[in-house]
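# Here is my input; please provide its structure:
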Amino acid sequence: MNTQSATANGTMTSYRWVICSMLFFATTVNYLDRQVLSLTWKDFIAPEFHWTNNDYGEITSLFSIFYAVSMLFAGRFVDWMDTKKGYLWAIGIWSVGACLHAFCGIATSGIATGQWLVGFEEARTIISAVGNVGLIVNVSVLLFVFARLILAVGEAGNFPAAIKATAEYFPKKDRAFSTSIFNAGATVGALAAPVSIPFIAELWGWEAAFLIIGALGFIWMGFWTFAYKKPERHPSVNARELSYIQQDGDSDLNEDNNPKQKLTFLQCLQYRQTWAFAIGKFMTDGVWWFFLFWTPAYLSSVYGMKSSDPASQIAIFVLYAITLLSILGGWLPTWFIGRKGMNPYAGRMKAMLIFAFFPLLALLAQPLGSISYWFPVVIIGIAGAAHQAWSANIFSTVGDMFPRNAIATVTGIGGMAGGLSSYIINKSSGILFDYAGETNMTFMGFNGEEAGYFIIFSICAVAYLIGWCIMKSLVPRYAPIVTN
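Reported below is the predicted structural model:
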C-alpha cells in the first residue's frame, strides 16, 4: 500500500471523510431528483397535460411501490457488483430516469399526433391544440409513470451502496455519526429544492428543471470514479488511518485470506437480525415520509397557508433546518461506545431509545397548534430530527451484525419494508383526511381534517417506541453473524 500520503510527523490521514462527503452529495442529489416533480406538477405540468390531483396521486403512489420493490433487489445488486460499480450503476440509472421526465412532453405529442422531431416549446403548442384531452392525460401519465419507474430503480441503490461504503471506511463506533452526516443530505436536498427547482422551471421551463437537476448525478459519477477505492488499496489512506478503519477486525476475508462466503438472500431472511432491522424500518420510515409529503398540505388545510405564501415557505424552511440537529444524534452512540465502553449494538440501541421519545411531542402538535402554527412546525421539525438520528443508527445496526458482503442486501430488505410503510401511511392518510373532511368527523375534540391529522400524528408519535421494543425483543443483545 502506498503510504506517501502520511504527513511528515506520521499523523493519520482523514480520507474517510472525503468518502463521507461524497455520500452526502449523492444523497442530496437523490432527494433533489425525487422532488422535481412535486415542485413543478401543479403550476407547470398539470396545465399542459390537464392533470388532476388523482393523476398526480397515481404517479406518486406507483413511485412508492416501484421504490419499495426495487430496494429489495438493489441491495443484492450492490453486494454483487461491489461498492464502487454498484453506486455508479445506481446513480447512473436514476439520473437517466430523472432526465427522461423532460422528454415526456415530446413523447406525448409524438404518440398523439405523430410529430416526434420537435422541441419542448413546439411540443407544448402541439399538445395544446389536441382536442382529445383524455388521450393527452392518459399518455402523459403513462410516460411519467415509466420515467418514475427508472428513477425508483436507480434511487433504490443509494442507501444500500452508501451504507456499504460507510462500513468499508469507518469503524463501527463511528458509523452512526458518519451515516448521520451523509443522511443529512436528505434534509439539505429538501431545503434546496424549493428555492432552486421552481426558479429553474420559471426561467427555462419545467423540462430544464429535470435536465439540470438530473445532470448533477452524472457530474457526481465522474468524481466517484476517481475518488473511490477500497481503503486498503487507496493511496490517500495511510497505514494509521487504515488501522483505525479496520480496528474492529471485520473484513470480507477469512483467516486464510480468502473471500468469506456471501450470504444469499434467503439466508439473510433466516436471521432475527434481518427481521429486527426490517421491522424497525417498517415502523418508522413511513413517519418521515408522512411529514415530508403532508406538512405543506397540513398548513394549507388547517391554517389556510398556501405553499406560495412567504409565511408557509419560511415555516417549511425552519422545519427542515431543525432536522439538521440529527447530526448530533449520530455522535451520541460514538460517545456511549468510546466513553462508556458499550459494544456497538448496545450503544446504538440506547441512543435509539432516547430518540424514540422525542416523536411523542407529536401528540401535542395539534392541541398546541390552536395557539400558533409555529408549535406544530417546531414539533414536526424535532420529530424529523429524531427520525433522521434514529435512521442513522438503525442503518448502522446492519454493519454491526452482518459481514460487509451482506450489508447492502440486508439494507435493501429493510428499505423495502420502509417503502411499503411509506405507501401505506400516505395512502391511508389521504383516504382518512378526505373522509374526515367530508363527514366533519369528530375525534378527541377536533373536527374535520384536523381530527384526521390528530389521529395520524398520534400514530407517528408512538411508532418509534413500538419499533424499538420489537427490535429489542428480537435481538436483545449484540449478536454478530459470522460466515466462513
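# Just the endpoints, please. Distance across stretch 111-121?
17 Å (C-alpha to C-alpha, to the nearest Å).
# what's the offset of that stretch from the middle of its chain?
Per C-alpha atoms, centre = their mean, to the nearest Å, the displacement of stretch 111-121 from the mean C-alpha position of its chain is 35 Å.
# Quick check: which ranges of this protein have low pLDDT?
1-10, 53, 250-261, 306-308, 483-484 (pLDDT under 70).
# now the helices for the stretch 251-400 of the chain?
Using DSSP state H, counting those that start in this stretch, the helices of the stretch 251-400 of the chain run over 265-269, 272-303, 310-323, 326-340, 344-357, 365-369, 374-401.
# for these, which one sits closest to Tyr56?
Taking C-beta to C-beta as the measure, those were each checked against Tyr56, and helix 272-303 came out nearest at 11.6 Å. Bear in mind the C-beta positions are built from the backbone N, C-alpha and C, glycine included.
# Which strands or helices does the closest one pack on?
If you count contacts as 3 or more C-beta pairs under 8 Å, 6 or more residues apart in numbering; DSSP states H and E, helix 272-303 packs onto helix 310-323, helix 374-401, helix 404-439, helix 449-474.
# In the second one, which residues are buried?
Just to be clear, that refers to helix 374-401. Of all the residues in helix 374-401, those buried under the rule 16 or more other C-beta atoms under 10 Å are 375-401.
# circling back: need the helices and strands packed on helix 272-303 in TSV (columns: distance to Lys42).
Converted to TSV, the helices and strands packed on helix 272-303 look like this (distance: least, C-beta to C-beta, whole Å):
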stretch	distance to Lys42
helix 310-323	14
helix 374-401	22
helix 404-439	16
helix 449-474	19
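# so of those, which one's packed in deepest?
Neighbour counts averaged per stretch over these are highest for helix 374-401, at a mean of 25; criterion: mean count of other C-beta atoms under 10 Å.
# so it versus helix 449-474, what angle?
Compare the direction of helix 374-401 with that of helix 449-474 by axes from the mean of the first three to the mean of the last three C-alpha atoms, to 10 degrees and you get 20 degrees.
# residues contacting the spatially most central residue of the chain?
Using C-alpha atoms, centre = their mean, the residue of the chain that lies closest to the mean C-alpha position is Ala186, 6.2 Å off. Residues in contact with Ala186 (C-beta atoms under 8 Å, 6 or more residues apart in numbering) are Thr27, Thr28, Asn30, Tyr31, Gln388.
# please redo it, this time with the cut-off set to 6 Å
The contact partners of Ala186, by C-beta atoms under 6 Å, 6 or more residues apart in numbering, come to Thr27, Tyr31.
# Quick check: it vs Arg404, distance?
Ala186 is 24 Å from Arg404, where distance means C-beta to C-beta, to the nearest Å.
# Measure how buried the closest residue to Ala383 other than its chain neighbours is and give me the count.
Spatial nearest neighbour of Ala383, excluding adjacent residues (C-beta to C-beta, 6 or more residues apart in numbering): Pro359 at 4.5 Å. The local packing of Pro359 (other C-beta atoms under 10 Å) involves 27 other residues.
# wait, isn't Pro359 in contact with Leu465?
No - the pair Pro359 and Leu465 fails to qualify as a contact (C-beta atoms under 6 Å) at a distance of 8.3 Å.
# can you list residues touching both of the two?
Between them, Pro359 and Leu465 share no contacting residue under C-beta under 6 Å, 6+ apart.
# ok, back up a step: and the helices of the stretch 251-400 of the chain as JSON lines, adding distance to Gly445?
Rendered in JSON lines, the data for those read as follows (distance: least, C-beta to C-beta, whole Å):
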{"stretch": "helix 265-269", "distance to Gly445": "45"}
{"stretch": "helix 272-303", "distance to Gly445": "14"}
{"stretch": "helix 310-323", "distance to Gly445": "24"}
{"stretch": "helix 326-340", "distance to Gly445": "32"}
{"stretch": "helix 344-357", "distance to Gly445": "25"}
{"stretch": "helix 365-369", "distance to Gly445": "8"}
{"stretch": "helix 374-401", "distance to Gly445": "16"}
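# And the ones you listed: which comes nearest Lys84?
Go through the helices of the stretch 251-400 of the chain one by one with C-beta to C-beta and the one that ends up closest to Lys84 is helix 374-401, at 17.8 Å.
# Show the residue spans covered by the helices in the stretch 1-150 of the chain.
15-40, 46-49, 53-81, 83-100, 104-113, 120-129, 133-155.
# could I get those as CSV with mean neighbour count and distance to Asp434?
Formatted as CSV, the helices of the stretch 1-150 of the chain follow (neighbours: other C-beta atoms under 10 Å; distance: least, C-beta to C-beta, whole Å):
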stretch, mean neighbour count, distance to Asp434
helix 15-40, 22, 19
helix 46-49, 17, 19
helix 53-81, 20, 11
helix 83-100, 22, 30
helix 104-113, 21, 28
helix 120-129, 16, 30
helix 133-155, 20, 21
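# Point out the one among those helices that comes closest to Leu363.
When the helices of the stretch 1-150 of the chain are ranked by proximity to Leu363, the top entry is helix 53-81, at 26.3 Å, counting by C-beta to C-beta.
# The closest one to helix 374-401, inter-axis angle?
For helix 53-81 and helix 374-401, the angle between their directions (the same axes, to 10 degrees) works out to 20 degrees.
# what packs against helix 53-81?
Contacts of helix 53-81 with other secondary structure elements, assessed using 3 or more C-beta pairs under 6 Å, 6 or more residues apart in numbering; DSSP states H and E, are made with helix 133-155, helix 158-169, helix 404-439.
# For the second one, what is the distance to the chain centroid?
On the basis of C-alpha atoms, centre = their mean, helix 158-169 sits 14 Å off its chain's mean C-alpha point.
# same deal with stretch 221-233?
So, by C-alpha atoms, centre = their mean, the centroid of stretch 221-233 is 23 Å from its chain's centroid.
# Just the buried positions in it, please.
Neighbour count says stretch 221-233 has Met221, Trp224, Ala227, Tyr228, Pro231 buried, by 16+ other C-beta under 10 Å.
# and for that stretch, what are the contacting residues?
By C-beta under 6 Å, 6+ apart, stretch 221-233 touches Met22, Lys84, Leu88, Ile91, Tyr169, Val237, Leu242, Ile245.
# now stretch 423-436
Applying C-beta under 6 Å, 6+ apart, the set of residues contacting stretch 423-436 from outside is Ser64, Gly286, Phe290, Phe293, Gly448, Glu449, Ala451, Gly452, Ile456.
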